[in-house]
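>>> Task: produce atomic coordinates for the following.
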Amino acid sequence: MMPDMEDMFTIEKKVYVSELSQKFSVTEETIRRDLEKLDKKGIVSRTYGGL
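From the prediction side, this is the model:
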């Protein structure tokens, strides 16, 4: 799942956990864990309300 999420960040400048959850058919908690990993790698910069 994460490579697809990474691709989204090159297209979209702002995404929401709820939108990602629906798109990938997983829970919001799963998205948050994946985003935490991507943030630690420096791929995304997390903010409140979006990325």
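>>> distance of the most centrally placed residue in the chain from residue 48?
In the chain, the residue lying closest to the centroid (C-alpha atoms, centre = their mean) is residue 35, at 4.7 Å. Counting by C-beta to C-beta, to the nearest Å, the separation of residue 35 from residue 48 is 12 Å. C-beta here means a position set from N, CA and C on the backbone, and glycine is covered the same way.
>>> quick one, helices of this protein?
Secondary structure of the chain by DSSP state H: the helices cover 2-11, 17-24, 28-40.
>>> Is it possible to get TSV of those helices that adds mean pLDDT?
Listed next are the helices of the chain as TSV, based on pLDDT from 0 to 100:
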stretch	mean pLDDT
helix 2-11	70
helix 17-24	90
helix 28-40	92
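>>> neighbours of the closest residue to residue 43 other than its chain neighbours, just the number please.
Closest residue in space to residue 43, ignoring its immediate chain neighbours: residue 6 at 6.0 Å, by C-beta to C-beta, 6 or more residues apart in numbering. With neighbours defined by other C-beta atoms under 10 Å, the count for residue 6 comes to 14.
>>> Same question for residue 17.
With other C-beta under 10 Å as criterion, residue 17 counts 19.
>>> these two touch, right, residue 31 and residue 22?
No. Between residue 31 and residue 22 there is no contact under C-beta atoms under 8 Å: 9.7 Å.
>>> The two: which is more packed in?
residue 31 (22 against 12).
>>> so what's that one up against?
17, 20-21, 24 (C-beta atoms under 8 Å, 6 or more residues apart in numbering).
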